[in-house]
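Student: Sequence and predicted structure, then a few things I'm wondering about:
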Amino acid sequence: MRVSKRVKCEEFPCTDVKHECYVIPGVDVNPGDISIVMISEAAPEDSGDYYYSKGDPLFAQTTVQAFRDAGEDVSSLEDVVGLGVYLTTAVKCGKTGYGIKAATIKECSSLLEKELGLFPKTKVLMLMGDVAIKAVNYIAKRAGEGRVIPAGSTYKIRGQEYFFQGKRVFPSYLQAGPSFFIEKSKRRMIAGDIAAALRLVK
């Protein structure tokens, strides 16, 4: 299954993102092989930095390192995917500034909802940063459920058990991009969350 053929933005209504950076994973994946979906913030400004781009893209570099920090013997994104992990972003276009408007996250969460629906055997959702957390909360609200993740700083809400539609949900920090190499305390917490998620599916 090629995800980008199943999930598409047709109208591009959001005004605070770069539509030229729009990307949905164009990889072929067997839905039955995926047990963890890791959702980061937004598409990179440079398409060459995206998870599944050719070469050694930045998002892949930092994600591979995050899994290595968690004790996994991986050296490529293919190795991470081989653990049953699918990687995507909550917002499919690039950011224009530091933040992303709530309306944009809500709009794009409809695409994310369709994307998540392609993986019926998912056991864990990893929400890497506030944008991913907000997106899944919007999905839950449309489904008639309450917040999956409560309001509050990630530091305070980490480590508790959250569930959505039978899946364990981990709120964590952004692992995709240059900030990963800078914030060492968050990096340790990301590693702990990944290790905990992998224990659930192994």
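Tutor: On my side now, so go ahead. Numbering: from 1, shown residues only.

Student: Which residues are in contact with the nearest residue to residue 178 once chain neighbours are set aside?
Tutor: Leaving aside its sequence neighbours, residue 178 sits nearest to residue 58 (C-beta to C-beta, 6 or more residues apart in numbering; 7.0 Å). Backbone N, C-alpha and C define where each C-beta goes, glycine included. Counting by C-beta atoms under 8 Å, 6 or more residues apart in numbering, residue 58 touches 44, 46, 49, 176-178.

Student: could you redo the last one with a cut-off of 10 Å?
Tutor: Residues near residue 58 by C-beta atoms under 10 Å, 6 or more residues apart in numbering: 44, 46, 48-51, 176-178, 180-181.

Student: could the residues you listed be laid out in TSV, adding pLDDT and distance to residue 188?
Tutor: TSV is the format used below for these (pLDDT from 0 to 100; distance: C-beta to C-beta, whole Å):
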residue	pLDDT	distance to residue 188
44	95	24
46	92	28
48	94	28
49	96	24
50	96	26
51	97	22
176	94	17
177	89	17
178	86	18
180	84	12
181	80	13
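
Student: Just to check, residue 81 is in contact with residue 51?
Tutor: Yes - here residue 81 lies in contact with residue 51, judged by C-beta atoms under 10 Å, at a distance of 9.3 Å.

Student: which neighbours do these two share?
Tutor: Common contact partners of residue 81 and residue 51 (C-beta under 10 Å, 6+ apart): 27, 87.

Student: Mind checking which of the two has more residues around it?
Tutor: Neighbour tally, residue 81 and residue 51, criterion other C-beta atoms under 10 Å: the higher count belongs to residue 51, 24 against 18.

Student: how about the helices in this structure?
Tutor: Assigned by DSSP state H, the helices in the chain fall at 3-6, 58-69, 77-82, 102-116, 130-142, 154-157, 179-182, 184-201.

Student: Once you drop chain neighbours, what's closest to residue 194?
Tutor: Spatially, and ignoring its direct neighbours in sequence, residue 194 is nearest to residue 70 (3.9 Å; C-beta to C-beta, 6+ apart).

Student: So that neighbour sits against residue 197, correct?
Tutor: Yes - here residue 70 lies in contact with residue 197, judged by C-beta under 10 Å, at a distance of 8.7 Å.

Student: Between the two, tell me which one has more neighbours.
Tutor: residue 197 (24 against 17).

Student: Relative to residue 111, how far out is the residue nearest to residue 194?
Tutor: The gap separating residue 70 from residue 111 is 28 Å, by C-beta to C-beta, to the nearest Å.
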